[in-house]
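*Asks:* Quick one, what's the 3D model for this:
(one chain, ligands or ions: 1)
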Amino acid sequence: MGAFAVIDPATGATHAEYPAATDAEVEAGLSAAQKTYQEWARTTTVAERAALAQRLADLFVERKDKLAAIINREMGKPLHQAVGEAEFSGSIAAAFAEHAEEWLADEELEVADGLRSFFRYQGVGVILGIMPWNYPYYQVARFAIPNIILGNTVIVRHASQCPESALALEELFRDAGFPEGAYVNLFATHQQISDIIADDRVQGVSLTGSEQVGAIVAEQAGRALKKCVLELGGADVFLVLDTDDIDLAVKKAVMGRMGNTGQSCNGSKRIVVLDEYFDEFSAKFKAAIAGQSYENGDFGPLSSDSATRFLTAQVRGALEQGAEILVGNNEPQGNVFTPTVITNITPSMDVYSEELFGPVAQLYKVGSDEEAIKLANSSPYGLGSVIICDDLERAERVGNQLDVGMVFVGAYDLSGADVPFGGVKKSGYGRELGKVGMLEFANKKLFRFAK
Ligand SMILES: O=CCCCC(=O)O
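*Replies:* Residues are numbered from 1 along each chain as shown. Next up is the predicted model:
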């Protein structure tokens, strides 16, 4: 089998295989990206690059059905969700096209000696993006678009199960008018990725992926003195502290846990409910999870056989260690994994500190805000969190004490192109999206004038 293959997780059928890049192709990609950085990125304006991003935004929308069909087959995303992802990626391109000039404007500094001083934000060169399969367009969009508008060029090494979305993305950038070398797709092997990270023409690396791969990439980047941004796993809490609408809280928890078939870094993996709401919440959550339908497209198959085997083993391990299933059965049909809720989880169980990448929620009861905070912070991860709490001051107080990169009050789905995304602890470091994300790989060049 080729190193990059499209295997439909719903049927197991292999549709296409693609060979890994040759070393000559890697060299050609690197030199194109470097040449385009020097000859195009450094000589065009932010406004000119942003105009191409606007065209890219339009193309994401024009081609959304074709793009959706590709990822539906590569990683099983239900078609309506896949169309939504293509549209969201287009909206990221449009938002950066709109805000780039403002976000990249010179920043005047107030300095003691009164000399005129300012930061000018410029690109630094070629940046490598190592991208995951769970949102094949959105994850690449939020890496590549801000970087190219800033004045960098990018090399993308997409997930090995996503070769056709990888090629479709490269085509989109080309058709939007970006020159060859601005966006380079490479089907690189692990050895070639290491070589690219070490190459002097590359100035940084952005990875969205697992904690294990994050450690390898960070080590290689560190050895080569390259900056990296790491967007890794998560075991986000969904805290229910205070609400007069349990039905709405349940609906949002289902959305938080089931979105993308539970395969989101910031999915609401640990549902934590104050005891006064617990019985009603848990009964309604159980019913809502039981009501999720594969046939109606509420969720899709897991992305691959290995993902299914891994999740099944994690849940089996939890049950062997004493956890209980509230709903679900841990008996996948092919890669279709029945949405599941597990309870009675204790800190000594492996699953307590693991990420469950699929439609499996952990449900906890707590007696106080303090207990909720302690439970939330006992995870090795620290990506996002959701707090359901009608008292917004209390929500903010609790949010202040969470060791996470993002606190969403009142809803799960508050990500957006203009707000930064990222975490702390084993969820990684650095941010994507928004002005903060756009500046991760910027040369923050200082200008000072003696008079
Ligand atoms: O795996 C990470 C996906 C992030 C989805 C979002 O932005 O909400």
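*Asks:* can you count the residues close to the residue in the stretch 251-400 of the chain that the ligand sits nearest to?
*Replies:* Evaluated by Cβ to the nearest ligand atom, the stretch 251-400 of the chain has Cys265 as its residue closest to the ligand, separated by 3.3 Å. Bear in mind the C-beta positions are built from the backbone N, C-alpha and C, glycine included. Applying other Cβ atoms under 10 Å, we find 29 residues neighbouring Cys265.
*Asks:* Okay, the nearest residue to it once chain neighbours are set aside and the ligand: tell me how far apart.
*Replies:* The shortest distance from Cys265 to any residue other than its chain neighbours is 4.7 Å, reached at Gly234 (Cβ to Cβ, 6 or more residues apart in numbering). Summarising the geometry, the distance separating Gly234 from the ligand, computed by Cβ to the nearest ligand atom, to the nearest Å, is 8 Å.
*Asks:* touching the ligand at all, stretch 123-139?
*Replies:* Yes - using Cβ under 6 Å from any ligand atom, stretch 123-139 reaches the ligand at 134-135.
*Asks:* so who does the residue nearest the centre of the chain touch?
*Replies:* Residue closest to the average C-alpha location in the chain (Cα atoms, centre = their mean): Gln139, at 5.5 Å. If a contact means Cβ atoms under 8 Å, 6 or more residues apart in numbering, then Gln139 has 131-132, 208 as its contacts.
*Asks:* From the residues you listed, which land in strands?
*Replies:* Here DSSP state E is the test, and these give Thr208 as lying in strands.
*Asks:* how about JSON lines for the contacts of Gln139, with neighbour count added?
*Replies:* Below are these laid out as JSON lines (neighbours: other Cβ atoms under 10 Å):
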{"residue": "Met131", "neighbour count": "27"}
{"residue": "Pro132", "neighbour count": "22"}
{"residue": "Thr208", "neighbour count": "25"}
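*Asks:* near the ligand, which residues of the stretch 351-451 of the chain?
*Replies:* If contact is defined as Cβ under 6 Å from any ligand atom, the residues of the stretch 351-451 of the chain in contact with the ligand are 415, 421.
*Asks:* all strands for the stretch 351-451 of the chain, in order.
*Replies:* Taking DSSP state E, counting those that start in this stretch, the strands of the stretch 351-451 of the chain run over residues 360-366, 381-382, 385-389, 408-409, 424-425, 428-429, 442-448.
*Asks:* among those, which is the most enclosed?
*Replies:* Stretch with highest mean neighbour count among the strands of the stretch 351-451 of the chain: strand 385-389 (a mean of 27; mean count of other Cβ atoms under 10 Å).
*Asks:* if we can go back for a sec, may I see the contacts of Gln139 organised as CSV, with pLDDT added?
*Replies:* Below are the contacts of Gln139 laid out as CSV (pLDDT from 0 to 100):
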residue, pLDDT
Met131, 98
Pro132, 98
Thr208, 98
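*Asks:* Make a markdown table out of the contacts of Gln139 and add distance to Gly114.
*Replies:* Converted to a markdown table, the contacts of Gln139 look like this (distance: Cβ to Cβ, whole Å):
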| residue | distance to Gly114 |
| --- | --- |
| Met131 | 46 |
| Pro132 | 49 |
| Thr208 | 44 |
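*Asks:* Kindly report the residues of the stretch 51-200 of the chain close to the ligand.
*Replies:* Among all residues of the stretch 51-200 of the chain, those adjacent to the ligand (criterion: Cβ under 6 Å from any ligand atom) are 134-135.
*Asks:* one step back: burial of the residue nearest to Cys265, as a residue count?
*Replies:* When neighbours are defined as other Cβ under 10 Å, Gly234 has 30 of them.
*Asks:* No further questions, thank you.
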